[in-house]
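*Asks:* got a predicted structure plus its sequence, pasted below:
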Amino acid sequence: MDNQGIFTYDSSLPTARDRMRHMLGDTDAANPLRYDESYDAMLTYFENETLATAKMARALASEFAQKFSSVNIQGGPSITYSERVKTWLALADKLEAAVGSSGGVGIGTSYSGTVLRRTIVEESEYGRPLFEDHVWTVD
């Protein structure tokens with residue numbers, strides 16, 4: 001992403017944007033998936049936090065589906081984008097179903113699923129990146 005936007009995230013989740021970022025695994029300020037303006041636009045357009053989160057999940061899945069399904073870095077890590085796509089699509093399906101069956105309730109609607117976010121936390125002594133996995137599972 002270009003470096004022209006603003007990224008904010010509060011892990012206490014006081015705002016709809018924070019809750020959306022949390023659900024989508026977009027919590028790394030050094031490597032944001034989207035800037036605040038994108039989340040705010042989705043919330044304004046859909047006027048429903050759950051539906052806006054589902055639509056953002058579909059947008060992310062669409063973007064990452066256009067990338068190689070996996071990347072192997074010689075002497076380094078292997079990155080699999082296809083798993084992210086599946087996770088975001090499953091989340092979108094569940095959130096859209098929750099909105100459809102409840103008449104548009106908020107993020108607190110019951111659903112289950114897993115969100116995975118892998119971030120580079122530092123470089124190892126061998127010059128390879130070290131990853132930290134963030135996994136959220138909701139039953």
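*Replies:* Cool, the structure landed.
*Asks:* and residue 48, how far from residue 60?
*Replies:* Residue 48 is 18 Å from residue 60, where distance means C-beta to C-beta, to the nearest Å. No exception for glycine: its C-beta is placed from N, CA and C like everyone else's.
*Asks:* so which of these two has more stuff around it?
*Replies:* When neighbours are counted by other C-beta atoms under 10 Å, residue 60 comes out ahead of the other of residue 48 and residue 60, with 22 against 19.
*Asks:* give the contact list for that one.
*Replies:* Counting by C-beta atoms under 8 Å, 6 or more residues apart in numbering, residue 60 makes contact with 24, 33, 34, 84, 88.
*Asks:* surely the first one and residue 56 touch.
*Replies:* Think residue 24. Yes. Residue 24 sits in contact with residue 56 when judged by C-beta atoms under 8 Å, with a separation of 6.1 Å.
*Asks:* more crowded one of those two?
*Replies:* More crowded of residue 24 and residue 56, by other C-beta under 10 Å: residue 56, with 27 against 24.
*Asks:* surely the more buried one touches residue 43?
*Replies:* No. The pair residue 56 / residue 43 is not scored as a contact, 9.3 Å apart, by C-beta under 8 Å.
*Asks:* pLDDT of the helix ranked longest in the chain, averaged?
*Replies:* Looking across the chain with DSSP state H, the single longest helix is helix 81-102. Mean pLDDT, computed over helix 81-102, is 85.
*Asks:* could you measure from residue 73 over to residue 32?
*Replies:* As judged by C-beta to C-beta, residue 73 and residue 32 stand 21 Å apart.
*Asks:* higher neighbour count, these two?
*Replies:* More crowded of residue 73 and residue 32, by other C-beta under 10 Å: residue 32, with 19 against 10.
*Asks:* distance-wise, check that one relative to residue 70.
*Replies:* In terms of C-beta to C-beta, residue 32 sits 22 Å off from residue 70.
*Asks:* do the same with residue 82
*Replies:* Separation of residue 82 from residue 70 (C-beta to C-beta): 7 Å.
*Asks:* identify each buried residue in the helix or strand encompassing residue 38, please.
*Replies:* If you go by DSSP states H and E, residue 38 is part of helix 36-46. Neighbour-count burial for helix 36-46, with 16 or more other C-beta atoms under 10 Å as criterion, is recorded at 36, 38, 39, 40, 42, 43, 46.
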